[in-house]
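S.K.: just to be clear, the model below is a prediction. Sequence and coordinates:
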Amino acid sequence: MEMIINLFFIVVAFFLILKRKSLHFWSFFVGLWLFTNTLFLWKFSYPLWFLWVSYFILMIALNVKKIRQRFSNILFKHAKKNMNRININIPDNKIQQAILQDHSYFFQELYAIKENNLIEFDDIVFRRWGNFITHFFQGLLLSLSVGRLSNAPYTINKRYYQRFDQYCYVFSLLVDFAFFITLSKNKREKLLVILSENLGLLSLGSAFLNYLQKTQWNEGQLALVNQIFEILLFEIQEKMLEVIFYFSKSNLHLFIKKIIFPYGARQKRPSSFSENDTAIAMLLPGKERERIISSLFSQPEENNEEAIDRYFDLLLKIEGIQYRLGKALKEGKISGEEFVPRVTAGLAAEVITQEEADLLFSVKKLTRSYSF
C-alpha cells in the first residue's frame, strides 16, 4: 500500500513539473510535509490530507483532455513520419482479410493520418487503447487460470472449451500487439500469414466443438476426440510462439511471452500412447468404427468393411516387397526415385519377381481409384 501511495505522489509530481506553476509546486510540498507527519498529527492532518489529495485529483481530472491531446499529437507526428513503414497491402486471402477487417482501428488510423485529421486520430487511438486494455486483462486472467475462468458449458469437453476460449482472447491480444508495435512492411505481412494460419486452427477447433455439442458421443470415441484436440492445441501454441518470435527485437518480447504463456509453453506434442488409443478405437469392431469409415470410399457399391479387410491384407503383402526394394536402393543395386522406374529396376535386377511387381502396380492402381 505504501508503494502505491508513493507511486501516486511521483505521478502527481510529474504533472506538477510539467505545469511549472509555483502555486501547485508549493502546495505539493505542503501536502507532502503533512503526509509525512501523519504519524504525529493523526487527527489534525487527515482532513487536510484528504482535501489536498481531492484538490490534486480534481486538477488532474480537469487537465486530462489537454494531457490526452498532447499525447495524441506526439503519436500523430510519429505515425505520420513512419507512414511508409506501417502501411501494408490487403491480401487476397480471405482469412488474412478477416484479421485486418476485424482490427478496423488500424485502417481508421491510417485514413486519419492521410487526411491529416488530428481530432479523429485522437478519438480512434483512445478507443483502440480501450479495446486493447479489455483484451489485455481478459487474456491475462484466462492465461493465469489456464482458461478455467472461462464461462464454458458443462459438457464432457468443457476443458477444451476453456482452452480454446483462452487462446481466442490471447489471439486477439497478439493481433493488437502486431498492430501496436512498429514493424517493417515485409515483417508485418509475414506476421499476418502466421496469424491467419492461427486463426484457421482456432476456427477449426471451434467448429469441431460446435459439432460435438450437437452430436452424441460416448467414451469409446473420446480417444479419437482427445487426439484431435491435443494436436490442434499443440499446433496453435506453436503458431503463437512463431508470432512472439517476430517481436524478439522489441523490448516487449519477454513481456508478451509472459502474458501469453505465464507458465511457459506447456502443451506437449501428442504422445504415441494417445495415437495407440486412437488406432485401437479404429480397429475394434463397433459403432464408432462403422461411423467413422462409413463414407471412407467414394464408390457406394463397395462393402466398406470387406474392402478395408482386403486392402489391409494387400498392404501386409507388399510391405515385405517394398522393404526389399528400399534395401536394394540403399545398397546401390537398383536406381530410380519414382515408383515405376524403381519397380522396373528391381524386376530387372531380380530383387522382386514378376508376380510381386504386378501386385505392386495393382495396389498402386487401387489407391488411385479410391479417395481416402
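M.R.: On my side now, so go ahead.

S.K.: against Ser248, how distant is Glu189?
M.R.: Shown here: Glu189 relative to Ser248, a distance of 18 Å by CB to CB, to the nearest Å. Quick note: C-beta positions are derived from backbone N, CA and C, even for glycine.

S.K.: whoops, Leu149 was the one
M.R.: In this structure, Leu149 and Ser248 are 30 Å apart, going by CB to CB.

S.K.: more neighbours: which of those two?
M.R.: Using other CB atoms under 10 Å, the more surrounded residue of Leu149 and Ser248 is Leu149, with 15 against 9.

S.K.: count the residues that sit near Ile334.
M.R.: Close neighbours of Ile334, defined as other CB under 10 Å, add up to 22.

S.K.: helix, strand or coil: sort out the closest residue to it other than its chain neighbours for me.
M.R.: What sits nearest to Ile334 in space, not counting adjacent residues and going by CB to CB, 6 or more residues apart in numbering, is Ala345, at 3.9 Å. Judged by DSSP: H, G, I helix; E, B strand; the rest coil, the three-state class of Ala345 is helix.

S.K.: any idea how far Ala345 lies from Ala152?
M.R.: From Ala345 across to Ala152, the span is 58 Å (CB to CB).

S.K.: do Arg269 as well
M.R.: Noted for Arg269: a distance of 24 Å to Ala152, by CB to CB.

S.K.: these two - which one has more neighbours?
M.R.: Neighbour tally, Arg269 and Ala152, criterion other CB under 10 Å: the higher count belongs to Ala152, 18 against 10.

S.K.: ok, that one touching Gln162?
M.R.: Yes - using CB atoms under 8 Å, Ala152 makes contact with Gln162 at a distance of 4.8 Å.

S.K.: please, where are all the helices along the stretch 101-250 of the chain?
M.R.: Under the criterion DSSP state H, counting those that start in this stretch, helices of the stretch 101-250 of the chain are mapped to 104-114, 118-144, 158-180, 185-214, 222-245.

S.K.: which other helices and strands does the longest one contact?
M.R.: The criterion is 3 or more CB pairs under 8 Å, 6 or more residues apart in numbering; DSSP states H and E, and the helices and strands that helix 185-214 contacts are helix 83-86, helix 94-102, helix 158-180, helix 222-245.

S.K.: where does pLDDT dip in this protein?
M.R.: By pLDDT under 70, the weakly predicted segments of the chain are 1-121, 124, 126-128, 131, 179-183, 185, 216-221, 271-316, 366-372.

S.K.: please repeat the previous calculation with a cut-off of 50.
M.R.: 1-2, 6, 17-23, 39-41, 86-91, 95-96, 101-102, 273, 295-302, 369-372 (pLDDT under 50).

S.K.: domain parsing for it?
M.R.: Split into domains by automatic domain parsing, the chain comes to 2-62, 85-273, 297-369.

S.K.: hmm, back to that, can you say which of the helices of the stretch 101-250 of the chain is packed in most?
M.R.: For the helices of the stretch 101-250 of the chain, average neighbour numbers computed from mean count of other CB atoms under 10 Å are highest in helix 158-180, which has a mean of 21.

S.K.: just the CA trace of that helix, in PDB.
M.R.: Written as PDB, here are the backbone C-alpha positions of helix 158-180 (Å, rounded to 0.1, in the frame of the first residue of the first chain):
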ATOM      1  CA  LYS A 158     -15.600 -28.500 -21.000                       C
ATOM      2  CA  ARG A 159     -11.800 -28.300 -20.600                       C
ATOM      3  CA  TYR A 160     -11.300 -27.900 -24.400                       C
ATOM      4  CA  TYR A 161     -13.900 -25.100 -24.400                       C
ATOM      5  CA  GLN A 162     -11.900 -23.400 -21.800                       C
ATOM      6  CA  ARG A 163      -8.600 -23.800 -23.600                       C
ATOM      7  CA  PHE A 164      -9.900 -22.600 -26.900                       C
ATOM      8  CA  ASP A 165     -11.600 -19.600 -25.100                       C
ATOM      9  CA  GLN A 166      -8.200 -18.800 -23.600                       C
ATOM     10  CA  TYR A 167      -6.400 -19.000 -26.900                       C
ATOM     11  CA  CYS A 168      -9.100 -16.900 -28.700                       C
ATOM     12  CA  TYR A 169      -8.600 -14.000 -26.200                       C
ATOM     13  CA  VAL A 170      -4.800 -14.400 -26.400                       C
ATOM     14  CA  PHE A 171      -5.000 -14.300 -30.200                       C
ATOM     15  CA  SER A 172      -6.900 -11.000 -30.100                       C
ATOM     16  CA  LEU A 173      -4.100  -9.700 -27.800                       C
ATOM     17  CA  LEU A 174      -1.400 -10.900 -30.200                       C
ATOM     18  CA  VAL A 175      -3.200  -9.100 -33.100                       C
ATOM     19  CA  ASP A 176      -3.300  -5.900 -31.000                       C
ATOM     20  CA  PHE A 177       0.400  -6.200 -30.300                       C
ATOM     21  CA  ALA A 178       1.100  -6.900 -34.000                       C
ATOM     22  CA  PHE A 179      -0.500  -3.600 -34.900                       C
ATOM     23  CA  PHE A 180       0.700  -1.600 -31.900                       C
END
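
S.K.: alright, that wraps it up for me.
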